[in-house]
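**Q** Structure for the following, please:
(one chain, ligands or ions: 1)
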Amino acid sequence: MKLYHAEAIVLRTIAVREADRVLVLLTREYGKLRVWAHGAARPTSRKRGAVQPFCRSRFLLERSREIDVVRQAEVLENFAVLHADLKTLSLAGYLCELVDGFAPEGQPDPGFYRLLLQALRRLGGEKQELLVRFFESRVLVLAGLRPELGVCAACGNRPAAGYLRISPAQGGVLCGPCQTKEPTAPVCRPATLQVLGKMLDWPLDRIWRLRVDAGTRRELAAVLHSYLCHHLEREPKSLIFLRKLGDEA
Ligand SMILES: [Zn+2]
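**A** Modelled structure (predicted):
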């Protein structure tokens, strides 16, 4: 019997059989893992609290040929504040869905773990929108998809100042002549490009002091969503749900 410990954030749970759950975990030590939790949905299960979405828990896992199995689980942090309202809960689901989509499976990646933990700890507070934009930007960086903002991503020329289109397919801004080939790529004003550059580089505490006007916030959300959807090859389910709630993420 091969047992091992892992600290993990539960990204999502999948109902299998009556009371069993498959958990998608982002572990600190081993990256993203799928594990089987027998009877975890039973009201009497001692694991029940520790396997809820967004919980940070300590797991004792057993290696198995098909899928590793949860032997024990204990809550470290349950982020109860995230359950206070539906929007916050849906945003937490969105952050976890992005990590599930972009973190590599079975490879340790402490960057994703730190980013998600930092965001979940702050999501119940103020400036949710700024935090979500920061999170989306850093997911792109961690996934190796950082947008090129200095030179045209298609031809390498330095674009003239002004409104620029950003192409997720090309990987960054497009100069005037190259923009005509992608007329549907999202447009950004220079102010938005500047804020995006800071989102990609600055630590969260510096981002917190930024003042961002409504137009810039809209453009930033549009360009980041376009990037994330392009690389996921779909729109995140939680983002569709947030739009139905009447609140853009
Ligand atoms: Zn160009």
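
**Q** Helices of this protein, start to end?
**A** For the chain, applying DSSP state H gives helices covering 86-102, 110-122, 128-142, 176-179, 190-201, 204-207, 214-232, 237-244.

**Q** And the fifth one, what does it pack against?
**A** What it means is helix 190-201. In terms of contacts (3 or more Cβ pairs under 8 Å, 6 or more residues apart in numbering; DSSP states H and E), helix 190-201 is packed against helix 128-142, helix 204-207, helix 214-232. All C-beta atoms are positioned from the backbone trio N, CA, C, and that covers glycine.

**Q** Low-confidence regions, the chain specifically.
**A** In the predicted model, the chain carries pLDDT under 70 at residues 1, 247-249.

**Q** ok, for Asp100, nearest residue in space, not its chain neighbours?
**A** Once flanking residues are discounted, Asp100 sits nearest to Leu11: 4.7 Å by Cβ to Cβ, 6 or more residues apart in numbering.

**Q** doesn't Lys32 make contact with the one you found?
**A** Yes - with contact defined as Cβ atoms under 8 Å, Leu11 reaches Lys32; the gap is 7.4 Å.

**Q** Give me the common contacts of these two.
**A** 24-26, 99-100 (Cβ atoms under 8 Å, 6 or more residues apart in numbering).

**Q** out of those residues, who's nearest Glu129?
**A** If you rank those by distance to Glu129 using Cβ to Cβ, Val99 comes first, at 18.8 Å.

**Q** Please list all residues in contact with that closest one.
**A** Val99 is in contact with 11, 26, 32, 112, 115-116, 139, counting by Cβ under 8 Å, 6+ apart.

**Q** I'd like these laid out as JSON lines, including distance to Glu126.
**A** Shown next, in JSON lines, are the contacts of Val99 (distance: Cβ to Cβ, whole Å):
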{"residue": "Leu11", "distance to Glu126": "25"}
{"residue": "Leu26", "distance to Glu126": "25"}
{"residue": "Lys32", "distance to Glu126": "30"}
{"residue": "Phe112", "distance to Glu126": "24"}
{"residue": "Leu115", "distance to Glu126": "19"}
{"residue": "Leu116", "distance to Glu126": "19"}
{"residue": "Val139", "distance to Glu126": "22"}
